[in-house]
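Enquirer: Build the 3D model from these lines:
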Amino acid sequence: MPRELLVIGFEAPEWDVASADEFERLLAPAIDTREVIIDLSTVNYIDSTCLSKLVGLYRRRVVRHGYPPCHLVVATPAVARRLSVARLDHLWPIHKTLGEARAALGRDQQPTGMGSP
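Expert: Just a heads-up that it's a prediction; the model follows:
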């Protein structure tokens, strides 16, 4: 049986302190799934509160459970820059498209998806 691939997408273009709880709720299924892609391709702003939620997810997945890091899809220069400035771009494999992320995981089939309402 193939391992499950979870793709978490975010429809809202901006994620900040006001939406951090929703951001964390959307990330929650990634804690217990081995292969995860977090698709931030439509996000053009993410603040430090939501970045800290990503770091918390990394700690729970990688440090506690021993899972590999999630793959991130980051298409906007502003989000890529925030990850780089915070030196978080070293924690996760980052891809410009969902197709690149799926290929990096050796996946051809459609993933199980989740997204923001």
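
Enquirer: hey, let's count contacts and neighbours off CA atoms from now on
Expert: Noted.

Enquirer: Please report how far the residue positioned nearest the centre of the chain lies from Glu4.
Expert: Nearest residue to the geometric centre of the chain (C-alpha atoms, centre = their mean): Ile38, 2.6 Å. From Ile38 across to Glu4, the span is 14 Å (C-alpha to C-alpha, to the nearest Å).

Enquirer: tell me how far the helix ranked longest in the chain is from the chain's mean position?
Expert: In the chain, taking DSSP state H as the definition, the longest helix is helix 48-58. Relative to its chain's centre, helix 48-58 lies at 10 Å (C-alpha atoms, centre = their mean, to the nearest Å).

Enquirer: The residue nearest to the centre of the chain sits in which helix or strand?
Expert: Using DSSP states H and E, Ile38 sits within strand 35-39.

Enquirer: Give me the angle between that strand and helix 48-58.
Expert: Going by axes from the mean of the first three to the mean of the last three C-alpha atoms, to 10 degrees, strand 35-39 is angled at 170 degrees with respect to helix 48-58.

Enquirer: Adjacent strands (with direction) for strand 35-39?
Expert: Strand 35-39 has its sheet partners listed here by DSSP bridges as strand 5-9 (parallel), strand 71-73 (parallel).

Enquirer: rewinding a little: you'd agree the residue nearest to the centre of the chain is up against Ala75?
Expert: No. Using C-alpha atoms under 8 Å, Ile38 is not in contact with Ala75, being 11.8 Å away.

Enquirer: Per-residue confidence at Gln110, what does it come out as?
Expert: In this model, Gln110 is scored at 53, pLDDT.

Enquirer: The one 4 residues further on too?
Expert: Among the per-residue scores, Met114 holds a pLDDT of 51.

Enquirer: hang on, the earlier thing: from the strands paired with strand 35-39, pick the one with the highest average neighbour count.
Expert: Comparing these by mean neighbour count (mean count of other C-alpha atoms under 10 Å), strand 71-73 comes out on top with a mean of 24.

Enquirer: Now do the helix or strand that that strand is followed by: everything it contacts.
Expert: Using DSSP H and E, the helix or strand that follows strand 71-73 towards the C-terminus is helix 77-85. Contacts to helix 77-85, defined as C-alpha atoms under 8 Å, 6 or more residues apart in numbering, come from residues 43-46, 74, 89.
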